[in-house]
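A.B. asks: Just the structure for this:
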Amino acid sequence: VQLVESGGGVVQPGGSLRLSCATSGATVEHHAICWFRQAPGKEREGIACIRLSDGSTYSEESLKGRFTISRDNTKMTAYLQMNRLRLDDTARYYCASEYLYYSGSYYYTGVNGMDYWGGGTLVTVSS
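C.D. replies: As a prediction, the model looks like this:
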């Protein structure tokens, strides 16, 4: 599976960005796509995940309401809509794929549960 992120850039506090994660090699039936971020000097943290088949999601509680994950299976692309951005949202944002061996709603397995990663896209929130 290959993943390519896009949509990062510089934005002012309070602004919005939509990140895209284009995938190849993933399947709607068996994969989920997740978004993570990593700020300098910090650990990589999970943001949200979506199961491609049924759209079930996981979202980090502290980011709910500002960040929303979605997908377009016709394009095999996942998105992360980020609103009301803050200075501490500055980070490199990554998407990752996870092969799912179970049916039913998605459940989050963390950074170590991911199989493949994109190279990331940089988001800088600055005034």
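A.B. asks: Adjacent strands (with direction) for the helix or strand that contains Thr124?
C.D. replies: Using DSSP states H and E, Thr124 falls within strand 121-125. When pairing is defined by DSSP bridges, strand 121-125 lines up against strand 9-11 (parallel), strand 91-99 (antiparallel).
A.B. asks: and the residue nearest to the spatial centre of the chain, what helix or strand is that in?
C.D. replies: The residue lying closest to the centre of the chain (Cα atoms, centre = their mean) is Trp35, at 1.9 Å. Using DSSP H and E, Trp35 sits within strand 31-38.
A.B. asks: report the angle between the axes of that strand and strand 121-125?
C.D. replies: Relative orientation of strand 31-38 and strand 121-125, computed by axes from the mean of the first three to the mean of the last three Cα atoms, to 10 degrees: 50 degrees.
A.B. asks: got the buried residues for strand 31-38?
C.D. replies: 31-37 (16 or more other Cβ atoms under 10 Å). Glycine gets a C-beta too; all of them are placed from N, C-alpha and C.
A.B. asks: Please apply the same query to stretch 64-80.
C.D. replies: Result for stretch 64-80 [16+ other Cβ under 10 Å]: buried residues 67-69, 71, 76-80.
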